[in-house]
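Novice: Sequence and predicted structure below; questions after.
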Amino acid sequence: MDAAIKSIRPNKPSDRQPESRPAELDPAEFLEAAVRADQPRPARAEAEAAVKTLLAYIGENPQREGLLDTPRRVVEAFDELYQGYHQCPAEVLDRTFGETAGYDDFVLVRDIEFTSQCEHHMMPFYGKAHIAYTPVERVVGLSKLARLTDIFARRLQTQEHLTAQIAAAIDEILKPRGVAVLIEAEHTCMSVRGVAKHGASTFTSRFTGMFRDNPAEQARFLSLVRGTTR
């Protein structure tokens, strides 16, 4: 994961008109945990029983030696893979720092590795997130952008929704002059099943504020993500 704080200004601003603002997300998606402490949930024993049912469905014998502990292991894996439901994105970004010496360019953290689970097939998709924002007086710790990515990634997702949630959370909580998010990922639901196209990559992006309104800033962001300015 690379962190970059650079100033590479274009000579002239773009003459293109600002684009319309993207549709807003429900603030509850990023201002609080997805699962409330008092929310009714099945018991752990019920979850393990459901795993046994699935094992029997595929033709296995849940009682054979190699599978006796599988229901417990699967539920424990679910607790880890989906811990993002119990974490609050707003709390990750709640501490900022004001000692920036008047810094007024964008901050980019690129190559944030993540793994998430497709909500359609419950199969992994994985890749890298590149996140930039232009702060107003105060900045957030660089690791917090990686933590934010993990919170949303550790839920059932689509890549489009993941991209929008990360951008919306930063935009709403930090209130910067703009946010840019680019995600590239491989989806096992299309690489190991279905069309089985191993190595196919999916790219999604979301821009707000100055990145949305100024294509030149989008171009700067993309050039830094691709490393073409080095």
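Specialist: Arrived safely, thanks for sending.

Novice: Going by C-alpha atoms from here, please, whenever you check contacts or count neighbours.
Specialist: Fine.

Novice: Confirm Phe125 sits in a helix?
Specialist: No - applying DSSP: H, G, I helix; E, B strand; the rest coil, one finds Phe125 to be strand, outside a helix.

Novice: Look up the closest residue to it, ignoring the ones flanking it.
Specialist: Leaving aside its sequence neighbours, Phe125 sits nearest to His187 (C-alpha to C-alpha, 6 or more residues apart in numbering; 4.2 Å).

Novice: And that neighbour, its phi and psi?
Specialist: Dihedral pair for His187: phi -110, psi 120, per degrees, to the nearest 10.

Novice: got the contact list for it?
Specialist: 118, 123-126, 200-202 (C-alpha atoms under 8 Å, 6 or more residues apart in numbering).

Novice: Top of these by number of neighbours, please.
Specialist: Highest neighbour count within the contacts of His187: Phe125, with 23 neighbours (other C-alpha atoms under 10 Å).

Novice: Can you name the residues that contact that residue?
Specialist: Contacts of Phe125 (C-alpha under 8 Å, 6+ apart): 115-118, 185-189.

Novice: Same question for Thr96.
Specialist: Here Thr96 is in contact with 138-141 (C-alpha under 8 Å, 6+ apart).

Novice: What subset of those residues is buried?
Specialist: 138-140 (16 or more other C-alpha atoms under 10 Å).

Novice: Export the residues you listed as JSON lines, with columns for pLDDT, distance to Thr149 and secondary structure.
Specialist: As requested, these are exported to JSON lines (pLDDT from 0 to 100; distance: C-alpha to C-alpha, whole Å; DSSP: H, G, I helix; E, B strand; the rest coil):
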{"residue": "Arg138", "pLDDT": "92", "distance to Thr149": "20", "secondary structure": "strand"}
{"residue": "Val139", "pLDDT": "94", "distance to Thr149": "17", "secondary structure": "strand"}
{"residue": "Val140", "pLDDT": "95", "distance to Thr149": "14", "secondary structure": "strand"}
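
Novice: with the residues you listed in mind, which one is nearest to Asp26?
Specialist: Nearest to Asp26 among the buried ones among the contacts of Thr96: Val140, at 22.9 Å, using C-alpha to C-alpha.

Novice: who's in contact with the closest one?
Specialist: Counted by C-alpha under 8 Å, 6+ apart, Val140 has contacts 93, 95-97.

Novice: Go through the lengthiest helix in the chain and flag the buried ones.
Specialist: Taking DSSP state H as the criterion, the chain has its longest helix at helix 159-174. Applying a neighbour-count criterion of 16+ other C-alpha under 10 Å, one finds 159, 162-171, 173-174 buried in helix 159-174.
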